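# 3D, please:
(one chain, ligands or ions: 3)
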Amino acid sequence: MSKKMWDISPTLHPGLPVWPGDTPYQSETTWEIANGCPVKVSKISMSSHTGAHCDAPSHYGVNAKAIDEVALDAYIGACRVIDLQGTRVVQPEQLTAHLNQIPARVLLRTYTTTPQQWDDQFPCISAAAIHLLAEHGVQLIGIDSPSLDPQDSKTLDAHHAVEKHGMAILEGIVLDEISAGDYELIALPLKFAGLDASPVRAILRSLIA
Ligand SMILES: Nc1ccccc1C(=O)C[C@H](N)C(=O)O
Ligand SMILES: [Zn+2]
Ligand SMILES: [Zn+2]
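Numbers count the residues shown, from 1 in each chain. Ligands and ions are numbered 1, 2, ... in the order given. Okay, the predicted model is just below:
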């Protein structure tokens, strides 16, 4: 019997909300199946931070690893989805009840329904909460909002807390249909040379068949 699977990735389509001023998702057809051409091929243009994506350390750290240089083990394995719907800034005290035998990956659900339009007040996480998770061995922090830090942050306190602990980041996932609990996460970044992030197809699978 196969393991149940949940897709936690938004569909990438023209009009998908992206960071203000960033590159919108666009695609065009390079070749069509016609006139002797046997294939359809497309061209896509998008920000490295489109939809469900993994930040590389080089996105927020100087002389830090690019997405093609990061170790992949953080992006596949046991994870815990913590339901914090309605939270605007995740604080340590909201996590303490969920730390018992916590896996190395944590995904935070802050939305009941992920907005279809850009939310400039999107939920984020405090640096103190990142430090608490790191102290409990967490290696990847995921969130259903576009960033760990507030949109207007210039200090990126949560990202630099992640940097301090060498943790991995997964942002822009969709947890609308996901109940709190433990799952297997698979969310591997593409091997873009020198880039600061990579879109991913993020999925959860049940830990038992
Ligand atoms: N596209 C951007 C353009 C400029 C500044 C930030 C972004 C982001 O997407 C935020 C990123 N995901 C982050 O968590 O820092
Ligand atoms: Zn990002
Ligand atoms: Zn980020």
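
# so what's residue 183 up against?
Shown here is residue 183, whose contacts under the criterion Cβ atoms under 8 Å, 6 or more residues apart in numbering are 6, 78-81, 204-207. Glycine gets a C-beta too; all of them are placed from N, C-alpha and C.

# what about 10 Å?
Under the criterion of Cβ atoms under 10 Å, 6 or more residues apart in numbering, the contact list for residue 183 reads 3-6, 8, 78-81, 103, 105, 107, 203-207.

# Give me the phi and psi angles of the closest residue to ligand 3 within the chain.
Using Cβ to the ion, the single residue of the chain nearest to ligand 3 is residue 55, 4.1 Å away. Backbone geometry at residue 55, expressed as degrees, to the nearest 10, gives phi -70, psi 140.

# Could you report the neighbour count for it?
When counting by other Cβ atoms under 10 Å, one arrives at 24 neighbours for residue 55.

# Then residue 16?
The local packing of residue 16 (other Cβ under 10 Å) involves 16 other residues.

# Next: residue 53.
Counted with other Cβ under 10 Å, residues neighbouring residue 53 total 28.

# Do I have it right that it meets residue 192?
No - between residue 53 and residue 192 no contact is recorded; they are 11.0 Å apart, counting by Cβ atoms under 10 Å.

# Name the residues contacting each of the two.
Jointly contacting residue 53 and residue 192 under the rule Cβ under 10 Å, 6+ apart are 67, 198-199.

# if we can go back for a sec, could I get the contacting residues of the residue of the chain closest to ligand 3?
By Cβ under 10 Å, 6+ apart, the contact list for residue 55 reads 48-49, 61, 67, 70, 147-148, 159, 162, 168-171, 189, 196-198.

# Got a ChimeraX select line for the buried ones in the contacts of residue 183?
For anyone working in ChimeraX, the buried entries among the contacts of residue 183, judged by 16 or more other Cβ atoms under 10 Å, can be selected with:
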select :6,8,79,80,81,103,105,107,203,204
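
# can you tell me which of the contacts of residue 183 are up against ligand 2?
Contacts with ligand 2 are made by none of those, judged by Cβ under 5 Å from the ion.

# Out of the contacts of residue 183, list just those in strands.
The strands in this structure, assigned by DSSP state E, contain 5-6, 78-81, 105, 107, 203-205 from these.

# Of all pairs in these, which one spans the longest distance?
Between all members of the ones in strands among the contacts of residue 183, the longest pairwise span (Cβ to Cβ) is found for 5 and 80 and amounts to 17.4 Å.
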